[in-house]
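A.B. asks: Starting from these lines, generate the structure:
(chains A and B)
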Amino acid sequence: QKVSISVKNAHLKEVFNLLRKKTGYDFLYNSNELNNSSRVTITADNEDLKSVLDRCLSNQPLIYSIKETTILIKKKPQSAATVQQATVTGKVTDEKGEPLAGASVFVKNQNTTVTTSNDGRYTIRVPNNNAVLVFSFVGYETAERIVLNNKEINISLKTQEVGLNDVVVVGYGTQRKGDLTGSIASISERDLEKVSTVTFDMKLQGRAAGVMVTQTSAEPGGNVSIRVRGSNSVSGDNEPLYVVDGYPLPTLSEASGNGYGQEANPLSGINPDDIESIQILKDASSTAIYGSRGANGVVIITTKRGKEGKASIVFESLTGGNNIINLPEMGTAQQYAQERNDYSISLGQAPPYDGSSARLPLPENAGIGTRWVDHILRTGITQKYQLGINGGTKLSKYNISGNYYTEEGVIVNSKMGRGNVRINLDNTLSDKLTLSTTINLTSIKNNRVQAGGISTNRLADPILLALRANPVVPLTATGTSEYGGNIFGDTDGNFFENPVTLATDKKDIILNEDYFANVKGVYKFNSYFSGVVNAGTTRRYSQRDIYYPRETTALGYQNSGYAFVNKYQSQDYVVEAYLKYNRSFKNKHNLDIIGGTSVQQNVTKSHISSYSNFPDDILTTEALQFATSIYTPRTTKLERTLRSFYLRTNYSFLNRYLFTFSGRADGSSVFAANHKWGYFPSGAFAWKIYNEPFFRSLTPIFSDLKLRASYGLTGSQSIAPLGSLSQIGNANYVSGETLISGTAITSVGNNDLKWEQTRQLNLGLDIALFKNRLKITVDAYEKNTDRLLQTLNIPASSGFKTMIVNMGSVRNKGLEFDVSGDIIKTKGFQWNSSVNVSFNRPTVTDLGGNSEIYGLGPTTAAVFLRSTPLTIIQVGQGLPMYYGLVAERLIQKTDFDGSGNPTFAMFNNEKRPGQWLYKDVNNDGVINALDRQVIGNPNPKAIFGYNNEINYKKFTLNIFFQGVLGNDVMNISKAYLSTGMVHLNKSADWYQNKWTPENPTNNINYTGFGTVQDNLVPGNYYIEDGSYLRLKNVGLGYNLALKKGAIKNLIFNVSATNLLTITNYSGFDPEVGIFGKNNLLPSMDLGSYPRARTVFFGVKCHLK
Amino acid sequence: CGKLDEKIYSSLTPEVYFRNAGDAKVALYGVYNTLNRQHFYTNDLFVMSFLPSKYVVTRLGTHKPYASFNFAVTDPRISRTWASLYLTISRANAIIDRVPGIDMDENLKAQYVGEAKFLRAMSYFYLVRLFGGVPLKIKETTGIEGIHSPRASVQAVYDQIIEDLKYAETGLPPIRPITDRGRATRAAAKTLLGKVYLTMAGYPLKQTDKWALARTKLKEVIDEKDTYGIDLLPVFKDVFDVAKEAANKEAIFAIQFSNLPDQGSALAFFAAGLNSDYATSYGQYNYGFTTAFRNLYLATDTRRDVTALWSYRAYNGATVTYQTSTYYRDPSGLALGKYQDGPAGKAASNVRHANDMLLLRYADVLLMYAEAENEVNGPGDINDPNSAYAYLNKVRARSSAALQTTVVSQVDFRNLIYLERVKELSGELHEYYDVQRLERLKDHMDNSFEVSLAGMVYNTRAYLYPIPDDEIAVNNAISPSDQNPGY
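C.D. replies: From the prediction side, this is the model:
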């Protein structure tokens, strides 16, 4: 800048004032320092400002520096210019003036580097006055200064726009993102806001590399399975540990009922709108601080806390509608009746649909009939109201929110509602003591319509019933109608239950009350030493009421009304105390240590009871005294205690070499007496190459480069209490009509039960380029889990079905990529795009001497799945693999020799043309268990997410794709929809393409009629490719930023979830798993709750 | 770290149990508890024992493989039966292993151990007949050691059965007070041992020396019947009358069922056209007798209408009479009448029928004795009150069936006895085992409606059921090649 000035014998203050008026530059000085200055006479005409200043200050004991539009006047350091080898000291701060500890200071083109101390100060030797000092700190823009005569150079660094400076919450503390040595995925509030779901876990889907989120049931509040870097454990829990505001949550469940049905989501108590950030700790170095609970990864959830300032009030309202994505077209009454007649004729019997009565019309008169599925589906409405108030003073801050959420499912009568209040308070009680209080109260009422045909099918699943229901039966058929007779005989006299009345009339309500309270006190002994005490409790009270009415459900009819009332209660408390120490030495060494101890105890109680013989259907579960049959209740109380010691040390040298050592000792009550304690150490190293002086000058395109490596042990203790002990349960008998007490050993113990242990190696690379416009994170890992805790199926000949053992090893190897970039970055238009892709390969490396382990269908499953292997685990294979017979084609008439004998190997003596012809693997001429093979792999080859955010003026557009590649799904629903199972309706597609003598197809999806259930064994005809690409979310927002009035921002948005799914899968949706989190039976589909497409409209109002 | 000890609230552990005679008795009832479970004798084991027969038809696809002798490796019913039988054995093993260590009355100790051994022997007897040689577990499973057991030989299993029954014979009391109804007695042990010998004399072991042993053992039961308080009831119908169960002298061993929750039988629901609200208008039963079976009886034979119901009272009070119309709309054969709850009884649900299941009764003893006598001494003199004829006629006389008055050969007498067993004992879990030991499979398969409907032909593999799929899958000591022939 040029300036013209003319003064005579003026005081420096006057000169500065003049210059300020002419240039707009501010002058900053200490008046006392000007006292020794001499008066100035100067004339300049359009001269450079710096030159003018130089002239003014020559021969003055003062120097100046220009920082943006401020000119800083300071005392000249004494005799600096005279020394060749000089020492410069100073302080490095951020823009707010807070000291930056661990920042690098070095002399350009030399190797001398120092790091700043805790108070941001540094001392460095410089060769001469012309030396250039470079100041850098990860997350900040680098600055350079020429030494000149200055003895002290203080500098404030500007934050880089996209922050490596973001603070990341880790176990028992926080760290700057740039200082991480482990592998941690971070999801911000911004990302969380984009998808509207009732639970936060669905919001993780596709957001972080290495984190696979599957909503195993699409019902409102349905269960979600989260896998961090694959599954370690065969039949143990593979879900990560959730830590909410520092509180490690116990594994919660709901009063899930009478032994059948799917579990529901235990995390539903957390309102996603309350979440500030989510961190997912993936490698051993990050999770070892959680020791025995770290092996499956740790999800750290931090809720919003009060910020200093005037109250900020945000109100949000959202309304949406959902409908089903993909509905199979079922056969008509005419097709069904014709099929049924053909079958009888083939057996030499009279066709039942002979027009003899209205119930048995001739096929040509049967018409379309009842489209059952249409009558149990609807468009559901979702609504959300959220009010958040945030603010506070320096001493007292608050964040208070209230939320109401209600979602109707696509199946009639299914609805979930949640009310939630959160109070987060932070109080500074003295200079030394701060207190943080967190309270969360949640109440959830879930009207369930259970789907997923894992149970004895007539009890539970209206979807499966509707798909297969006889379409000749009219919609009104119930227990009292002529079709019912009593146990709902259909037109054929076969069992029939009306799926519509089952959905609408059966009562199934889960009520959950969740309480969370936590108080954390931090006492600062001095600037580098503090102590933390944390005490909290979580409680869940859950009750499930089920009532099967007498008139309209089969079970209710048979038992004159049937009620189940199940209660579950969990009380958990944790007390923790830890010390923190953080200090720099000689500006080169930075040490950060935490160490502490904790006790966590969990007590769960359950009460399961059932009642039948009600006088009417009016009172149901609220008046159980009316029932005349009361079954023996079952109650349990279980307790588990975890005592722990933990320690973490972070050491960094010159802010270039970072070391982390952490570990935990856990003592858990659930293990056998000699194996209570487990020890979980880990270590990590990171090299901030970017901070190396040689590197910095070499590659100006880089804004960050860091290499990471970590290795450590973590564990899993996911077994129930008493797992190591044999237990005696009650087993009564009767003599005449008198009940006599009996007991029996009902489970077999294992007094050698110990920890499951995971060794994990992680290598990572963080790159940022072009002033952080492009950021890449790559991680490679290998996890080896040994001594797998398994609920092993043991031979029934032992008298027991299962036993908890440590057996076998699994290896997961994987690669994760996370790339994000600002494609366009102008003032009015920004487009940011990010992609994450992860590959995980699980391999079984040892099975404790067994050649294989099978995943057996549960005993409550549909009849042809019960106790039969559905999956296999073998050394060298994935975990697990689908297992079954291989149908190569269908039996044709030409497969018989001249005398009519089959020329192929038969299964169960099945030789009818049109049925499956199996591969005789061992060539023994018969198809049996020996001919089963691996028929599919449920483990995806890759999972990915692709997010785009486009801002144009006041509009924001978010487009988010998510997908899974290369996995198989076992679509057991096909047994009902596209095999010729007698008495059941089939898909329209099957009726058109099925095998007939005239259409001798070899397509194994279209067997001929007359398939009996016994011939439905797990086989390759159920295996389908489950890959999908989903347009998970599209959201468009418009921010009406108002300048006047009480409203600051008014944001309108419209968004759609599950708008488009590209897949070859033939069922409702490939993201499915009727066995929930069961790792032995993954991705199986049988009458699953159909997934919905949802469109939301919302308004968010931010008051001033 | 004492505080890390497990706290136990809702269950017990063996370490703090089995301290005194009271604990032992309660644990013994835990063994009996396995018998009246829903999927066991009255359902799965019943289907496996009753349905493979030329006299039975069934309505349900899931039952047809049994009626047509087309047993599937993966059928859950087979797996459940296997597991249930071993559950009884496992609990019996715990008694046999632990009770001797308790400080209690020695006679009582021998009695409890004897009861456990009786129940273990009975379970192995079903196993060896259904599956052939099976894993022989005679020690309680207390940990991972020994959970994988290979198949033992058929002979080894029988040796164990005989050893257990011989012990039970001496340890068990001759008679029980009414309050101990349902518990094993000396007569039960002797009768079962007689039946075991009889079976060993037939297929597959064919140890003909066992005929004499069977004869002797059964004769002991007959000679000591007054000591044991057993006899034929004068009226056949009363044997199965739920209201007269307590005074049923003919019962030697019966599984106890009651209307109480979780203590009821499901058999009336599955097998009988019943006097209850839980039947469809077609009769809620899944299988029944062919008309050919009914025609085996003389019209005067009181067993006919008790065993196979020509008509019965349906749920709505209407009388349902057997119709012989189209196959799919007929009542799937004649309902089994032995397990009705009687006109007064109405079960609270379809799995809470009170009617006890008679596994051993005196008429069976008489017929077995007649059979053994015929094998050892021939049918004898028709006028001799100790001849095989006489024992056959004792059973016939009670039901007003025509007495055997013509002399027949030893071979023909075998057929008479078999036919008599069919008429007297059908629906009481003897059918499949009689077919097996008397090698009558070909006759049954060649003449079965269900076999021909399924397109099956006679195949000797049906002499045994397959070892269940899940046992082979998880038992390291049994490989798929150890499966029974033909599966």
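A.B. asks: For residue 189, which residues are in contact?
C.D. replies: Chain wasn't specified; assuming chain A. By C-beta atoms under 8 Å, 6 or more residues apart in numbering or on different chains, the residues touching A:E189 are A:I275, A:E276, A:S277, A:K304. Yep, even glycine has a C-beta here, placed from its N, CA and C like the rest.
A.B. asks: that answer is for a different chain, and I need it for chain B
C.D. replies: Contacts of B:A189 (C-beta under 8 Å, 6+ apart): B:G114, B:F118, B:L165, B:A168, B:E169, B:L172.
A.B. asks: change it to 7 Å
C.D. replies: B:F118, B:L165, B:A168, B:E169, B:L172 (C-beta atoms under 7 Å, 6 or more residues apart in numbering or on different chains).
A.B. asks: residues near A:F685, how many?
C.D. replies: 15 (other C-beta atoms under 10 Å in any protein chain shown).
A.B. asks: How about the one 10 residues further on?
C.D. replies: Using other C-beta under 10 Å as the criterion, A:F695 is surrounded by 14 other residues.
A.B. asks: Grab the nearest non-local neighbour of it.
C.D. replies: A:I689 (5.2 Å; C-beta to C-beta, 6 or more residues apart in numbering or on different chains).
A.B. asks: Am I right that the one you found is in contact with A:D704?
C.D. replies: No. With contact defined as C-beta atoms under 7 Å, A:I689 does not count as touching A:D704 (9.0 Å).
A.B. asks: rewinding a little: tell me the confidence at the residue nearest to A:F695?
C.D. replies: The model reports A:I689 with a pLDDT of 87.
A.B. asks: Any chance of the backbone angles for it?
C.D. replies: Dihedral pair for A:I689: phi -60, psi -30, per degrees, to the nearest 10.
A.B. asks: List the residues that contact it.
C.D. replies: Contacts of A:I689 by C-beta under 7 Å, 6+ apart are A:F695, A:L705, A:K706, A:L707.
A.B. asks: Kindly report the same for A:I226.
C.D. replies: With C-beta under 7 Å, 6+ apart, A:I226 has these contacts: A:D201, A:L204, A:V211, A:V213, A:E239, A:P240.
A.B. asks: Pick out the residue in chain A sitting closest to chain B.
C.D. replies: A:G799 (2.1 Å; C-beta to the nearest C-beta).
A.B. asks: Can you pull the residues of the stretch 801-950 of chain A lying near chain B?
C.D. replies: Residues of the stretch 801-950 of chain A lying close to chain B (C-beta under 7 Å from any C-beta of the partner chain) are A:801, A:803, A:805, A:850, A:854, A:856, A:863, A:866-869, A:908-909, A:911, A:928-930.
A.B. asks: where along the stretch 351-487 of chain B do the helices fall?
C.D. replies: Residue ranges of the helices in the stretch 351-487 of chain B, as given by DSSP state H, counting those that start in this stretch, are B:362-377, B:388-398, B:410-425, B:431-437, B:441-446, B:449-453, B:469-474.
A.B. asks: Which among the contacts of A:I689 count as buried?
C.D. replies: A:L705, A:K706 (16 or more other C-beta atoms under 10 Å in any protein chain shown).
A.B. asks: Quick check: B:S409 vs chain A, distance?
C.D. replies: Plainly put, B:S409 is 38 Å away from chain A if you go by C-beta to the nearest C-beta, to the nearest Å.
A.B. asks: tell me the contacts of the nearest residue to that residue once chain neighbours are set aside?
C.D. replies: Spatial nearest neighbour of B:S409, chain neighbours left out: B:P379 (7.7 Å); criterion: C-beta to C-beta, 6+ apart. Counting by C-beta under 7 Å, 6+ apart, B:P379 makes contact with B:S387, B:A388, B:Y389, B:V408, B:Q410, B:F413.
A.B. asks: hmm, try it at 10 Å
C.D. replies: Contacts for B:P379 (C-beta atoms under 10 Å, 6 or more residues apart in numbering or on different chains) come out as B:370, B:373, B:387-390, B:392, B:404, B:407-414, B:416-417.
A.B. asks: try A:R912
C.D. replies: Shown in contact with A:R912 (C-beta under 10 Å, 6+ apart): A:S346, A:L890, A:I891, A:G980, A:W995, A:T1007, A:G1008, A:F1009, A:G1010, A:T1011, A:N1015, B:G455.
A.B. asks: Then A:T635?
C.D. replies: A:K567, A:K605, A:S606, A:H607, A:I608, A:S609, B:Y9, B:S10.
A.B. asks: Now the residue of chain A closest to chain B. Its backbone dihedrals?
C.D. replies: Per degrees, to the nearest 10, the backbone of A:G799 is at phi 90, psi -10.
A.B. asks: Report pLDDT for A:F680.
C.D. replies: So A:F680 comes in at 91 (pLDDT).
A.B. asks: contacts for stretch B:232-240?
C.D. replies: Contacts for stretch B:232-240 (C-beta under 10 Å, 6+ apart): B:225, B:241, B:244-245, B:247-251, B:301-307, B:337-340, B:342, B:355-358, B:361-363, B:365-366, B:394-395, B:397-401, B:424, B:427-428.
A.B. asks: Apply 6 Å and report the result again.
C.D. replies: B:K244, B:E250, B:T302, B:R303, B:V306, B:K338, B:Y362, B:R398, B:S399 (C-beta atoms under 6 Å, 6 or more residues apart in numbering or on different chains).
A.B. asks: Stretch A:1089-1099 now?
C.D. replies: Stretch A:1089-1099 has contacts (C-beta under 6 Å, 6+ apart) with A:196, A:217-219, A:317-322, A:324-325, A:410, A:451, A:1052-1058, A:1068-1069.
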